[in-house]
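*Asks:* have a look; sequence and predicted model below, questions after that.
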Amino acid sequence: MARMSRFYITTPIFYVNGDPHLGTAYAAINADAFARWHRLLGDEVLFLTGTDEHGLKIQQSADEHGISPQAWVDQTASRFMSAWQELAISFDDFIRTTQDRHHRTVQKFLTAIYENGYIEKGYYIGLYCVACEAYYEESELLDGNRCPIHERPVSEMSEENYFFKLSAFTEKLIELYESGKIKVAPEFRVNEVLGFLRQGLKDISITRTSISWGVQVPWDEQHVFYVWYDALINYLTAISYGDDEARFAKWWPAVHHLLGKDIIRFHAVWWPAMCLAAGIDPPSQLLVSGWLLVDGAKMSKSSENQIDPLSVVRELSADALRYYLLASTSFGSDGDVSLDRLRASYNADLANDLGNLVSRTVALIVQKLGGMTPPTPVRDERINPLIDILLEGVAAWNEFRPNAALGAAMGMVRFSNSLLEEYEPWRRPAEDAGSIWCLGTIREALRLAAALLSPAIPNASSGVLSRLGWQELGPLEWSAGGEVRELVRAQPLFPRLAKEGR
RNA sequence: GGCGGCGUAGCUCAGUAGGUAAGAGCACACGGCUCAUAAUCGUGGGGUCGUCGGUUCGAGUCCGACCGCCGCUACCA
């Protein structure tokens, strides 16, 4: 069952122009769960996340706060890091695009593209709104070529830029997606990408002279790279591109990029094209998540419908938030969440079903067996339902379907609760064989359920194990026998939340 | 306009390749149990599966039209 392989997973690097919010937490939690699952399988895992710290907006924010851009990003990046710590995000590396290692990688990578002839100097000519400090496409403008925000006429401006010859990769990219060489989950996103590709690609400008907060173009000091162009390359920085060929080859191109559907084009078009231009393979898989809606509404900074991830952690726990998000959304689709349902899910699934099952199981072992754990029974047909559910859960994690995996874990929990009702150990003598079988079965079922749950609720999962006398998760399969441990009763794993408004 | 997604019990959602009388969780009602975090177990009520039409012995599940919501259709990160 163990399969030793490698698993490289990335999150988008987060733009540090504000605090982490539910959307960014959702991305980090999904990626973290997948990383933890693969560690559990025994894979060698590299889980990368980080922050995107360049660009005009950052420069502006720093100016507004009257500090240097570097001081500004130092502050915001550290807020992300501590938030991820609170949310139990088990990243192996946290990249910041202002780090030297990243600057070096960007320069090497883009020099390779330059030398391969895919970057050329040109003029960007566009319709520019001075007030917005941004270019617009004609299709975006109001009648009379007016800026949609300021309603003032835009003016034609041109800027000397370096251009990436994205157009050269149209056919190649179409082929990569049609042949499945680059996998995309969920699959319907491929259509979006192909639809975009089939209208043909235009070259894009990738440098700016108007700002200085970025990675300098090595062959022309007047320019810095446009922020997206530098940001994507973080995926290579972390694996020593251009620096340690063996390490690079170890992790590339078998990477899984997790991203939100809003940034699919950058990852599905620009990024693979950049890789091809630089002479390396494109990434192998894109995992595209949907958006979270809060009470049916799109999240926005101003509205009061926000769920602040860290305040949920404070009220309940990181596990409670992680469980709810992973269990109640279908990866790849938009998901509707609410604080009320989060609390309901905490009580129903975690406190009542799982936590209480642990309590009553331990209590019965203490009362009836003097705390001595019963052995895990040998498999027979009574156990098959548990095994079937377990296998479903394993398959679900492997297929990036956390909600199904967690549903399976809860199925094992419910099955165990009903087993307890069936055997009623509390009304049988201590030495009753059925009781002992039942308790041994449930204890093992809880170990396996904890395994399925651990990518989502790592802290509570180890709480389940320790309460039941398991030293570690152990193999992902029914394991008869086992050493005897002495159990003692402990605090509830998930204290029940009092109902509101009564 | 083009491409795509969604519309299934009060709520959030599953429904594989069309087939025993349409599912889960939550919520609700009734019953059981008392080991357990007033937890748990069982049973039940509740749905014209967006609308209309078609293919088929048979369609939530395939085809067509329509209605509603949403996404993409390039330089905003």
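*Replies:* Received the coordinates, thanks.
*Asks:* pull the CA atoms of stretch A:231-248 into CSV?
*Replies:* Taking C-alpha atoms only, stretch A:231-248 is exported to CSV below (Å, rounded to 0.1, in the frame of the first residue of the first chain):
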residue,chain,number,x,y,z
ALA,A,231,5.9,35.9,-9.4
LEU,A,232,5.3,32.7,-11.3
ILE,A,233,9.0,31.9,-11.2
ASN,A,234,8.9,31.4,-7.5
TYR,A,235,7.9,27.8,-8.3
LEU,A,236,11.4,27.4,-9.7
THR,A,237,13.3,29.4,-7.1
ALA,A,238,12.3,26.9,-4.4
ILE,A,239,13.7,24.0,-6.3
SER,A,240,17.1,25.6,-7.1
TYR,A,241,16.5,26.2,-10.8
GLY,A,242,19.8,27.2,-12.4
ASP,A,243,21.6,26.5,-9.2
ASP,A,244,21.4,22.8,-8.4
GLU,A,245,20.5,20.8,-11.4
ALA,A,246,20.0,17.5,-9.5
ARG,A,247,17.7,19.1,-7.1
PHE,A,248,15.8,20.8,-9.8
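*Asks:* what is the rounded mean pLDDT of that stretch?
*Replies:* Mean per-residue pLDDT for stretch A:231-248: 96.
*Asks:* now it: buried residues?
*Replies:* Buried residues in stretch A:231-248, counted by 16 or more other CB atoms under 10 Å: A:231-242, A:248. From N, CA and C alone the C-beta is placed, and that goes for glycine too.
*Asks:* distance from the chain centre to it, please.
*Replies:* Centroid separation for stretch A:231-248 versus its chain: 20 Å, with CA atoms, centre = their mean, to the nearest Å.
*Asks:* what count of nearby residues applies to the nearest residue in space to A:L316 that is not next to it in sequence?
*Replies:* In this structure, A:L316 finds its nearest non-sequential neighbour in A:Y346, 5.9 Å apart by CB to CB, 6 or more residues apart in numbering. Other residues within reach of A:Y346, judged by other CB atoms under 10 Å, total 25.
*Asks:* could you pull up the residues touching A:Y346?
*Replies:* By CB atoms under 8 Å, 6 or more residues apart in numbering, A:Y346 lies in contact with A:316, A:320, A:323-324, A:494, A:497.
*Asks:* now, among these, which is nearest to RNA strand B?
*Replies:* A:F494 (4.5 Å; CB to the nearest atom of the strand).
*Asks:* show the pLDDT at that closest one.
*Replies:* 96.
*Asks:* so it touches A:L354, yeah?
*Replies:* Yes: assessed by CB atoms under 8 Å, A:F494 is found in contact with A:L354 at 7.1 Å.
*Asks:* check whether the closest residue to A:K202 other than its chain neighbours sits in a helix, strand or coil.
*Replies:* Leaving aside its chain neighbours, A:K202 sits nearest to A:S167 (6.0 Å; criterion: CB to CB, 6+ apart). Judged by DSSP: H, G, I helix; E, B strand; the rest coil, the three-state class of A:S167 is helix.
*Asks:* and the pLDDT at A:L201?
*Replies:* pLDDT, A:L201: 92.
*Asks:* list the residues that contact it.
*Replies:* A:166-167, A:169-170, A:173, A:269, A:273.
*Asks:* again, 7 Å this time
*Replies:* A:166-167, A:169-170 (CB atoms under 7 Å, 6 or more residues apart in numbering).
*Asks:* so what's A:Y15 bridging to?
*Replies:* A:Y15 has these beta-bridge partners by DSSP bridges: A:D52.
*Asks:* if I read this right, it contacts A:H54, doesn't it?
*Replies:* No: assessed by CB atoms under 7 Å, A:Y15 is found out of contact with A:H54, at 9.4 Å.
*Asks:* so for these two, which sits in the more crowded spot?
*Replies:* A:H54 (28 against 18).
*Asks:* check the secondary structure at that one for me.
*Replies:* coil.
*Asks:* RNA strand B next: which of the buried residues of stretch A:231-248 are close?
*Replies:* A:A231 (CB under 7 Å from any atom of the strand).
*Asks:* out of the buried residues of stretch A:231-248, which sit inside helices?
*Replies:* A:231, A:234-237, A:248 (DSSP state H).
*Asks:* if we can go back for a sec, A strand includes the residue nearest to A:L316, no?
*Replies:* No: A:Y346 sits outside any strand when classified using three-state DSSP, being helix.
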